[in-house]
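Novice: here is a sequence together with a model predicted from it:
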Amino acid sequence: MISASATLPDRAPFEPVRCYSCSSAAREAFLDAEDDLTGKPGLFHFVRCLECGLAYQHPRIDLEHIKAYYDDAYIAHRKREDFGLLTPVYRYIMDGLDRKKEKMVRPYLKPGTNEILDVGCGAGTFLKKMRGRHGARVSGVDFKDFSGAEGFEEIEFHCGVIYEQELGESRFDLVTMWHFLEHDYDPLLTLRTACSVMKDDAHLIIEVPRLDSMTFYLYRQRWPGLQAPQHTALYDKERFLRLLGRAGFECVDYKAYGAFPAYFYVFAGAAFKVLRGRGLNLKKWGYLYVLGQILLAPVLLFERHLNLAMQTAICRKR
């Protein structure tokens, strides 16, 4: 049994967990990580399943107390005016992220109006873009309540986890999960629920960090894809596709990249090595971020072929 040693907000309790993929309790130590992104205290343990090889966090903070790690400092929940002089750059980057998502899903849209569900929708910017550009009927699920946020009057919003929502059977033409599954406390149930709410000819598009990537081997315990304690599981290509298969999906396309910029992992990993758990102040480091992106631009042109950090699977019901 691997113990937890951490000083946590409100003394958040840990709980044991079995492998998310095969339910085995047999495991071995993998690595330890800190909350490098926000700098909140704690040392968090990742293990590897001895049965199927999945890497996951054990023990984990229970679902009620993990919410303390998704406050306004969490990047997906930040307001767009939070970055001072760099606010226009931040807006451009985030708008570019939604443009990339829209480009990735466009081949899987049907003629006419589509029903789209985004699981872990955050501030809803992707759904707003899909509604504005394609006239889609859009729904979102997130465990943080965004129902009163700007623009959510056009989104059918569900607060909580997907498997506790009344979404209807065989309803959606497209389901997306952008960097959600690595946060999930029951990914197999989530995927099976997504399968049940999809039409027979619908697609699931899901993006997660890739454990067997160049940036992980470069940064190890400071790899941004660990993002302890929010990330509950770490997926290499083999385990990612195996989990999707167990949930009832077949992969029709696999990409060794995603909409999320791999450069963020290149930059953040280097910053985490310097800061050593003190948190990444995006206002303070923003100028270096932009400078580094300019300097690495020739390399980033080949991002799709370098297996830097991300992976995306496009699936349909098996």
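Specialist: Sure, I can see it.
Novice: report the contact partners of residue 243.
Specialist: Residue 243 makes contact with 20, 21, 54, 187, 188, 191, 235 under the criterion CB atoms under 8 Å, 6 or more residues apart in numbering. No exception for glycine: its C-beta is placed from N, CA and C like everyone else's.
Novice: now the two most distant members of the residues you listed.
Specialist: Spatially, the most separated pair among the contacts of residue 243 is 54 and 191, at 13.9 Å (CB to CB).
Novice: so which of the contacts of residue 243 belong to helices?
Specialist: If you go by DSSP state H, the contacts of residue 243 have 187, 188, 191 in helices.
Novice: distance of the closest residue to the last one other than its chain neighbours relative to residue 173?
Specialist: Nearest residue to residue 191, sequence neighbours excluded (CB to CB, 6 or more residues apart in numbering): residue 247, at 3.4 Å. Between residue 247 and residue 173 the distance is 19 Å, computed by CB to CB, to the nearest Å.
Novice: all the strands of the stretch 201-318 of the chain, residue numbers only.
Specialist: 233-234, 249-255, 310-317 (DSSP state E, counting those that start in this stretch).
Novice: as JSON lines, the ones you listed with distance to residue 274, mean neighbour count and mean pLDDT would be great.
Specialist: Shown next, in JSON lines, are the strands of the stretch 201-318 of the chain (distance: least, CB to CB, whole Å; neighbours: other CB atoms under 10 Å; pLDDT from 0 to 100):
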{"stretch": "strand 233-234", "distance to residue 274": "23", "mean neighbour count": "26", "mean pLDDT": "98"}
{"stretch": "strand 249-255", "distance to residue 274": "31", "mean neighbour count": "15", "mean pLDDT": "98"}
{"stretch": "strand 310-317", "distance to residue 274": "23", "mean neighbour count": "22", "mean pLDDT": "98"}
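Novice: I'd like to know which of those lies nearest to residue 151.
Specialist: Across these, closest to residue 151 is strand 310-317 (CB to CB), at 25.4 Å.
Novice: for the stretch 201-318 of the chain, what spans make up the helices?
Specialist: 214-219, 237-246, 262-275, 282-295, 297-300 (DSSP state H, counting those that start in this stretch).
Novice: need these in a markdown table (columns: mean pLDDT).
Specialist: As requested, the helices of the stretch 201-318 of the chain are arranged in a markdown table below (pLDDT from 0 to 100):
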| stretch | mean pLDDT |
| --- | --- |
| helix 214-219 | 98 |
| helix 237-246 | 98 |
| helix 262-275 | 96 |
| helix 282-295 | 88 |
| helix 297-300 | 93 |
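Novice: out of those helices, which comes closest to residue 39?
Specialist: helix 262-275 (7.8 Å).
Novice: that closest one: which residues count as buried?
Specialist: 262, 263, 264, 265, 266, 267, 268, 269, 270, 271, 272, 275 (16 or more other CB atoms under 10 Å).
Novice: cool, and stretch 96-115?
Specialist: Buried positions in stretch 96-115, judged by neighbour count with 16+ other CB under 10 Å: 97, 98, 100, 101, 102, 104, 105, 108, 109, 114, 115.
Novice: which residues touch the residue lying closest to the first one once chain neighbours are set aside?
Specialist: The spatial neighbour of residue 97 that comes closest, neighbours along the chain excluded (CB to CB, 6+ apart), is residue 259 at 5.8 Å. Contact partners of residue 259, counting by CB under 8 Å, 6+ apart, are 97, 100, 101, 104, 178, 207, 312.
Novice: and residue 259, what are its phi and psi?
Specialist: Dihedral pair for residue 259: phi -70, psi -40, per degrees, to the nearest 10.
Novice: do residue 140 as well
Specialist: phi -140, psi 150.
Novice: hey, what's it bridged with?
Specialist: Judged by DSSP bridges, the bridge partners of residue 140 are residue 118, residue 157.
Novice: tell me how far it lies from residue 256.
Specialist: 27 Å.
Novice: could you report the neighbour count for residue 307?
Specialist: By other CB atoms under 10 Å, 17 other residues sit near residue 307.
Novice: my read: it touches residue 211, true?
Specialist: No - between residue 307 and residue 211 there is no contact under CB atoms under 8 Å: 11.0 Å.
Novice: touching, residue 228 and residue 57? I think so.
Specialist: Yes - counting by CB under 8 Å, residue 228 touches residue 57, with 6.7 Å between them.
Novice: what touches both of those two?
Specialist: Jointly contacting residue 228 and residue 57 under the rule CB under 8 Å, 6+ apart are 44, 46.
Novice: which residues does the closest residue to residue 229 other than its chain neighbours bridge with?
Specialist: Nearest non-adjacent residue to residue 229, counting by CB to CB, 6+ apart: residue 44, 4.7 Å away. Note on residue 44: beta-bridge partners by DSSP bridges are residue 33.
Novice: show me the contacts for the residue nearest the centre of the chain.
Specialist: Residue closest to the average C-alpha location in the chain (CA atoms, centre = their mean): residue 179, at 1.7 Å. Residues in contact with residue 179 (CB under 8 Å, 6+ apart) are 76, 120, 207, 208, 209, 260.
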